[in-house]
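Undergrad: Could you work out the structure for the sequence below:
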Amino acid sequence: MSEIAEHFVEVNGEPCRVWEKGEGKKLFYLAGVAGLPRWTKFLDKLAETRRVVVPSLPGFPGGQGHELLDSHLDWVTAALDLLEAAGAQNGADLIGASLGGSIAAEVAAISPGLVRRLVLIAPFGLYDTDAPPADIWAQRPGVQPSVLCKNADTYTAFTSPPDGADPGEWTIVMTRALEASARILWPLGDTRLVRRLHRVRADTLIVWGDEDKVLPPSYAEHFGHEIAGRAAVAIIPGAGHLADLDNPELAGQFISGFVNQG
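TA: Okay, the predicted model is just below:
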């Protein structure tokens, strides 16, 4: 398998990192609440059959310029600019996890022709008064890892400083990512996405961890209902909110099978 290639594109005049690995047709991935501090086993699984392209949204690890984005429309437009700069063309396959799932759904709704197949891994964007999302920004220090992943050590390792990184500077990077996520999702992730999901034309797979402590698995059916007739649901056993981190092998298996159809 090829090594990770890195390059940068500009969004609103600011640099945003793009990582790529694998061969074949491009498969785009928008990461979750922490962005992508490091490459994952899940992405390696996808890269066995596709060229996986991971552009970093502004404010997340590898991306700059989040302070220029004020409204939700600013963020969605920036994501469209980012994906297009990273090589997405009409008929692209797009995966989004958590926060990235919310943005991926917006992209597919606002620019339906851009997305051929859509995968949403526990996306934010909807709000159920009977099962409100957990407030990930109000967690006590040290608690957030166990909220986002079934195994807290998995999230801690994922967000730990990469080799050679200064620990103090890395703390700033991850704090900036948390700020950027709040800019997109505050409060409680209700972006009024329900008003736009009917515009999604892409065949869609909705993936959810059965032990999600942030967004209950009941949200999977909610998303499926709003994307009527075009959405299938896959539940990942033994996984929390970030199912692609908790169970990368099974999540990768389900998703590869879906995006590689036809």
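
Undergrad: Quick check: end-to-end length of stretch 236-244?
TA: Using Cα to Cα, to the nearest Å, the gap from the first to the last residue of stretch 236-244 comes to 9 Å.

Undergrad: List the buried residues of it.
TA: If you call a residue buried by 16 or more other Cβ atoms under 10 Å, then stretch 236-244 has these buried ones: 236, 239-244. C-beta here means a position set from N, CA and C on the backbone, and glycine is covered the same way.

Undergrad: Let me see the residues that make contact with that stretch.
TA: 32, 40, 42, 97-98, 121-122, 147-151, 155, 207-215, 246-247, 250-252, 254 (Cβ atoms under 8 Å, 6 or more residues apart in numbering).

Undergrad: What ranges does the stretch 51-200 of the chain have for its strands?
TA: Across the stretch 51-200 of the chain, reading from the start of the chain, the strands by DSSP state E, counting those that start in this stretch fall at 51-55, 92-97, 115-121.

Undergrad: Just the buried residues of the contacts of stretch 236-244.
TA: Of the members of those, the ones counted as buried by neighbours, 16+ other Cβ under 10 Å, are 32, 40, 42, 97-98, 121-122, 147-150, 155, 207-209, 211-215, 246-247, 250-252, 254.

Undergrad: Among those residues, which are located in helices?
TA: Using DSSP state H, 42, 147-148, 155, 246, 250-252, 254 are the members of the buried ones among the contacts of stretch 236-244 that sit in helices.

Undergrad: Just the buried residues of stretch 236-244: which are in helices?
TA: Of the buried residues of stretch 236-244, the ones assigned to helices by DSSP H are 243-244.

Undergrad: what does the top helix by length along the chain rub up against?
TA: Using DSSP H, we find that the single longest helix of the chain is helix 167-185. Contact partners of helix 167-185, identified using Cβ under 8 Å, 6+ apart, comprise 33-35, 37, 57-61, 66, 69, 72, 75, 99, 102-103, 124, 136-137, 159, 161-162, 191.

Undergrad: Render the CA-only coordinates of it in PDB, please.
TA: C-alpha atoms of helix 167-185 as PDB (Å, rounded to 0.1, in the frame of the first residue of the first chain):
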ATOM      1  CA  PRO A 167       3.200  18.900  24.000                       C
ATOM      2  CA  GLY A 168       2.400  22.500  24.800                       C
ATOM      3  CA  GLU A 169       1.800  23.500  21.200                       C
ATOM      4  CA  TRP A 170      -0.200  20.400  20.600                       C
ATOM      5  CA  THR A 171      -2.600  21.300  23.500                       C
ATOM      6  CA  ILE A 172      -3.300  24.600  21.600                       C
ATOM      7  CA  VAL A 173      -3.900  22.600  18.400                       C
ATOM      8  CA  MET A 174      -6.500  20.400  20.100                       C
ATOM      9  CA  THR A 175      -8.100  23.300  22.000                       C
ATOM     10  CA  ARG A 176      -8.500  25.100  18.600                       C
ATOM     11  CA  ALA A 177     -10.200  22.100  17.200                       C
ATOM     12  CA  LEU A 178     -12.700  22.000  20.100                       C
ATOM     13  CA  GLU A 179     -13.300  25.700  19.500                       C
ATOM     14  CA  ALA A 180     -13.900  25.100  15.800                       C
ATOM     15  CA  SER A 181     -16.300  22.300  16.500                       C
ATOM     16  CA  ALA A 182     -18.300  24.600  18.800                       C
ATOM     17  CA  ARG A 183     -18.500  27.200  16.100                       C
ATOM     18  CA  ILE A 184     -20.100  24.700  13.800                       C
ATOM     19  CA  LEU A 185     -22.400  22.800  16.200                       C
END
